[in-house]
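Undergrad: A structural model of the following input is requested.
(one chain, ligands or ions: 1)
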Amino acid sequence: MLFQQEHAFFCPFCGELIDVLVDELSGPQSYYEDCSVCCSPILFIITENDAGEISIDTKRDDE
Ligand SMILES: [Zn+2]
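TA: Residues are numbered from 1 along each chain as shown. Model prediction:
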């Protein structure tokens, strides 16, 4: 089953608000996705707490 949720993030490179589809059923993971505005590789870090809530961090990979 596909369960993709759209989330809005500010790109850590160009500061634009972008919409990204996140596959929340895949559990904790990290991956790169290119910004749709500036094409820089944004590192998405998905974590899950004890209550099963998903939280998503975005980072530049040069930090
Ligand atoms: Zn960008």
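
Undergrad: which element is the spatially most central residue of the chain on?
TA: The chain has Phe44 as the residue nearest its centroid, 3.8 Å off, counting by C-alpha atoms, centre = their mean. Following DSSP states H and E, one finds Phe44 within strand 41-48.

Undergrad: how about the CA coordinates for the helix or strand that that strand is followed by, as PDB?
TA: Going down the chain from strand 41-48, the next helix or strand is strand 54-60, by DSSP H and E. The C-alpha trace of strand 54-60 is given here as PDB (Å, rounded to 0.1, in the frame of the first residue of the first chain):
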ATOM      1  CA  ILE A  54       6.800  10.800  12.500                       C
ATOM      2  CA  SER A  55       9.100  13.800  12.500                       C
ATOM      3  CA  ILE A  56      11.200  15.000   9.600                       C
ATOM      4  CA  ASP A  57      14.300  17.000   9.600                       C
ATOM      5  CA  THR A  58      16.000  18.700   6.700                       C
ATOM      6  CA  LYS A  59      19.700  19.400   6.500                       C
ATOM      7  CA  ARG A  60      22.300  20.500   4.100                       C
END
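
Undergrad: hang on, the earlier thing: now do the strand holding Phe44: everything it contacts.
TA: Residues outside strand 41-48 that contact it (C-beta atoms under 8 Å, 6 or more residues apart in numbering) are 9, 11-13, 20, 22, 24, 26-35, 54-61. C-betas here are computed from N, CA, C, even on glycine.

Undergrad: would you mind listing where this protein has pLDDT under the threshold?
TA: 1-2, 63 (pLDDT under 70).

Undergrad: who in it is up against the ion?
TA: Applying C-beta under 5 Å from the ion, we find that the chain lies next to the ion at 11, 13-14, 35, 37-38.
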